[in-house]
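In: my questions concern the predicted model and sequence given below.
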Amino acid sequence: MEVADLGSLGAGATIEADLVIIGGGPAGLTIAREFFGTTTRVLVLESGRLKEEPAITRLNAVESIGEPSSEAQQLKRNDFHGKNSPTWSGAEQAFGVRCRVLGGSSQAWFGKSAPFDPIDFAARDWVPHSGWPFGREALDPFLDRAAAVLDLGPLHGDNLWEAMGVAPPQPPFDAELLKSFFWQFARSRLNKTDFMRFGPEFLTFDPPNVRVLLNATVTRIDTNAEGAAFEGLEISTIDGVRSRVRARACVLAASGVENPRLLLASNRVHRDGLGNQHDVVGRFLMDHPGARIGRFEAADTPAMLRRFGFFGLKHGGRAHMYSHGIAPSEELQRRERLLNCAIYMLEDRAPNDPWDALRRLLSSRSKRPLADVMAVASSPGTLAKGVGMRLFDSHLVPERLKGLVVDALIDYFPNFVVREAEARGLPRKLAGLHVDGITEQPPDPQSRITLSDRTDPLGLPIARVDWRIAEESRRTLVSLAKTASAEFARIGLPTPRLEDWVAEDRIADSVIIDMGHTLGTTRMSETPKSGVVDATCRVHGVAGLYVAGGSVFPTSGHANPTLMILALAIRLADQLKADMGRA
């Protein structure tokens, strides 16, 4: 596969392709993979390079005029998102998480994957603007193909126990109230101790018909004089050296922020931007509002992890890892008019964790050096174990042996594997268990992305983000937390200490942040009055221009969206093959 830097082509170049894909993230690269071995000439344009660079990362800056707005939200965002990406800045990305690098946001994720529920596709009278043009069953074949790309195990919904050959935990929850929900973790095929990174995986292939241009930022999408058909793109290096692309078809797969931004900025023919005759581009901005809703003390942690920790399943010669959480039943959602949501458990690191203490001492940032010295001195076993994990992760241990060991650990000790992965191979001292909630966001046309008066280094208006967290999302989190706590007590499990805002129904005091799952800004709809793309993901009224990614979701569900994004991307690739074959 040819991989080149746009800067190496010189100014004024015109690049020809059959299909051009804007964005080298999971959606764009998955579509490109579907064309391997065909006669279609595919060009992937990636704004970044093979590693994140500060100058290019600055193109991610947004102007936020909505949520998150409080100091508590900003601190939580910095802690939650900042540890996943060394180049992410809460000051520049006051909303969302984007990585300008081949592989996109997969550089900063933990591989958490799950399918949406059937109810997520339904038109619900208590969720305005809900409903997809098709049901979940229409995506089932593509979900299996997407799971294969992500190296996932079987998609068992809430029935993993049967697949594992074990009896469900007893006593059960009241099925009219709660159900089990399982997430999986996409594992790298290249590094057995890491999650999947799409860029390195993609570069292991060598199809002669696919070409990748790095440092190639799209600055404008061009159409014919009537604005009714795609014709080409203007692209630029980070240094402002401009070139052009001509292609038969284009897929815009640049993220839930960049997709509407590019459509709005491409206004040579239509003053308000492409696909925006009805002022819908950028509206219905959604994420997954997430918040801490309670915690368990250290003494209760083993019992809760046995039921709500991580589980391994052998399938196809591999061990796959699942995380067990809780979601409301469809009956409860309908009866209480709740949004779809879920809760999950996170291990709480102790204040005297020896690795944190050692890091503070070595960087001369310790505010209590004596206490940190004591923490290090009292945990030699933990530190020695950490050194061993780092050695295991090095090149000194063959990859095949790593794979065998990791599969065995997932099968027998899945909680240990996840703990080590999240801690980057450094074992931690635990103080308890956090209970976190994640919820659907109802589609709101006033929650939106527009263009700012500020411009980026290439002269394009940056995105102005007005993310609005609905009261229904906050109320849903409180309802699920209280329902789950009552069910824990009924069946004899420990009960969490709920956060004050939950226990006292003070929803305005909740500290909710975005989870980096930007959705809905070019939503799918049956008519251009209510959305931006049709059921095939083609922009209404613009032949040859398509959109991929979470921005086409009409509703958000609560599940991490990458599996659904890939299912839609594969479905779109099949559609493109049919459309381009007829052209």
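Out: Arrived safely. Predicted, not measured: the structure shown is a model, and the values here were computed from it. Numbering: from 1, shown residues only.

In: which residue is nearest the centroid of the protein?
Out: What sits nearest the mean C-alpha location of the chain, by C-alpha atoms, centre = their mean, is residue 517, with 4.8 Å.

In: was I right about that one contacting residue 557?
Out: No: counting by C-beta atoms under 8 Å, residue 517 stays clear of residue 557, with 9.8 Å between them. Heads up, the C-betas are built off the backbone N, CA and C, glycines and all.

In: please save the CA atoms from stretch 65-74 in PDB.
Out: Output of stretch 65-74 as PDB, limited to C-alpha atoms (Å, rounded to 0.1, in the frame of the first residue of the first chain):
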ATOM      1  CA  ILE A  65     -20.400  27.700  24.600                       C
ATOM      2  CA  GLY A  66     -22.400  24.900  26.300                       C
ATOM      3  CA  GLU A  67     -21.600  22.000  28.500                       C
ATOM      4  CA  PRO A  68     -19.300  20.900  30.100                       C
ATOM      5  CA  SER A  69     -19.000  24.400  31.700                       C
ATOM      6  CA  SER A  70     -18.300  24.100  35.400                       C
ATOM      7  CA  GLU A  71     -14.800  23.800  37.000                       C
ATOM      8  CA  ALA A  72     -15.800  20.400  38.400                       C
ATOM      9  CA  GLN A  73     -16.700  19.100  34.900                       C
ATOM     10  CA  GLN A  74     -13.500  20.400  33.500                       C
END
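
In: what are the contacting residues of that stretch?
Out: Taking contacts as C-beta atoms under 8 Å, 6 or more residues apart in numbering, the residues outside stretch 65-74 that touch it are 76-77, 90, 94-95, 447, 464-469, 511-514.

In: now do 6 Å
Out: 77, 466, 467, 468, 469, 511, 513 (C-beta atoms under 6 Å, 6 or more residues apart in numbering).

In: can you redo those residues as JSON lines, where the extra columns are neighbour count and secondary structure?
Out: JSON lines is the format used below for the contacts of stretch 65-74 (neighbours: other C-beta atoms under 10 Å; DSSP: H, G, I helix; E, B strand; the rest coil):
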{"residue": "77", "neighbour count": "22", "secondary structure": "helix"}
{"residue": "466", "neighbour count": "19", "secondary structure": "strand"}
{"residue": "467", "neighbour count": "24", "secondary structure": "strand"}
{"residue": "468", "neighbour count": "15", "secondary structure": "coil"}
{"residue": "469", "neighbour count": "23", "secondary structure": "coil"}
{"residue": "511", "neighbour count": "17", "secondary structure": "coil"}
{"residue": "513", "neighbour count": "26", "secondary structure": "strand"}
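
In: for these, give me CSV that also has distance to residue 248 and pLDDT.
Out: CSV is the format used below for those (distance: C-beta to C-beta, whole Å; pLDDT from 0 to 100):
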residue, distance to residue 248, pLDDT
77, 41, 94
466, 36, 98
467, 36, 98
468, 39, 98
469, 41, 97
511, 48, 96
513, 41, 96
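
In: widest-spaced pair of those residues?
Out: 466 and 511 (19.5 Å; C-beta to C-beta).

In: helices or strands up against the strand or helix carrying residue 573?
Out: If you go by DSSP states H and E, residue 573 is part of helix 562-582. When contacts are defined as 3 or more C-beta pairs under 6 Å, 6 or more residues apart in numbering; DSSP states H and E, helix 562-582 sits against helix 26-34, helix 140-149.

In: try 10 Å this time
Out: Helix 562-582 makes packing contacts with strand 14-22, helix 26-34, strand 112-113, helix 140-149, strand 242-252, strand 545-547 when contacts are defined by 3 or more C-beta pairs under 10 Å, 6 or more residues apart in numbering; DSSP states H and E.

In: quick one on the thing from earlier: quick check on the residue nearest to the centre of the chain: phi, psi?
Out: Backbone torsions of residue 517, given as degrees, to the nearest 10, read phi -110, psi 80.

In: do the same with the one 3 residues further on
Out: The phi/psi pair for residue 520 (degrees, to the nearest 10) reads phi 90, psi -10.

In: that one and residue 284 touch, don't they?
Out: Yes: the pair residue 520 / residue 284 is scored as a contact, 4.2 Å apart, by C-beta atoms under 10 Å.

In: now do the shared contacts for these two.
Out: When contacts are counted by C-beta atoms under 10 Å, 6 or more residues apart in numbering, residue 520 and residue 284 are jointly contacted by 129, 260, 441, 443-444, 447-449, 531-532, 551, 553-556.

In: just those residues: which are in helices?
Out: Among the shared contacts of residue 520 and residue 284, the ones falling in helices (DSSP state H) are residue 260.

In: with the shared contacts of residue 520 and residue 284 in mind, which one is nearest to residue 474?
Out: residue 441 (10.6 Å).

In: ok, the nearest residue to that closest one once chain neighbours are set aside - contacts?
Out: Using C-beta to C-beta, 6 or more residues apart in numbering and skipping residues adjacent in sequence, the residue nearest residue 441 is residue 286, 4.4 Å away. Going by C-beta under 10 Å, 6+ apart, residue 286 touches 256, 440-444, 447, 467-468, 470, 473, 514, 517-521, 523, 550-551, 553-557, 561.

In: quick check on these: which are buried?
Out: Buried members of the contacts of residue 286, counted by 16 or more other C-beta atoms under 10 Å: 256, 440-444, 447, 467, 470, 473, 514, 517-521, 523, 550-551, 553-557, 561.

In: which of the residues you listed fall within strands?
Out: Among the buried ones among the contacts of residue 286, no residue falls in strands (DSSP state E).

In: can you give the domain ranges for this structure?
Out: As given by automatic domain parsing, the domain ranges for the chain are 2-151+191-288+442-468+517-582, 351-428.

In: closest one to residue 503 among those domains?
Out: domain 2-151+191-288+442-468+517-582 (17.7 Å).

In: starting at the chain centroid, how far to that closest one?
Out: 12 Å (C-alpha atoms, centre = their mean, to the nearest Å).

In: also stretch 166-186?
Out: 23 Å.

In: quick one, grab the pLDDT at the nearest residue to residue 432 once chain neighbours are set aside.
Out: Leaving out its chain neighbours, the residue that sits closest to residue 432 by C-beta to C-beta, 6+ apart is residue 348, at 4.4 Å. Here the pLDDT value assigned to residue 348 is 81.

In: so residue 348: helix, strand or coil?
Out: Residue 348 falls in the strand class when you classify it by DSSP: H, G, I helix; E, B strand; the rest coil.

In: hmm, back to that, mutual contacts of residue 517 and residue 557, please.
Out: The contact lists of residue 517 and residue 557 share 286, 288, 438, 441, where a contact means C-beta under 10 Å, 6+ apart.

In: CSV for these, including pLDDT, secondary structure and distance to residue 59?
Out: Formatted as CSV, those follow (pLDDT from 0 to 100; DSSP: H, G, I helix; E, B strand; the rest coil; distance: C-beta to C-beta, whole Å):
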residue, pLDDT, secondary structure, distance to residue 59
286, 98, strand, 23
288, 98, coil, 25
438, 98, strand, 28
441, 97, coil, 26
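
In: show me the two of the residues you listed that sit farthest apart.
Out: Using C-beta to C-beta, the shared contacts of residue 517 and residue 557 span at most 12.5 Å, a distance reached by 286 and 438.

In: give me the common contacts of the two.
Out: With C-beta under 10 Å, 6+ apart as the test, residue 286 and residue 438 both reach 473, 517, 557.
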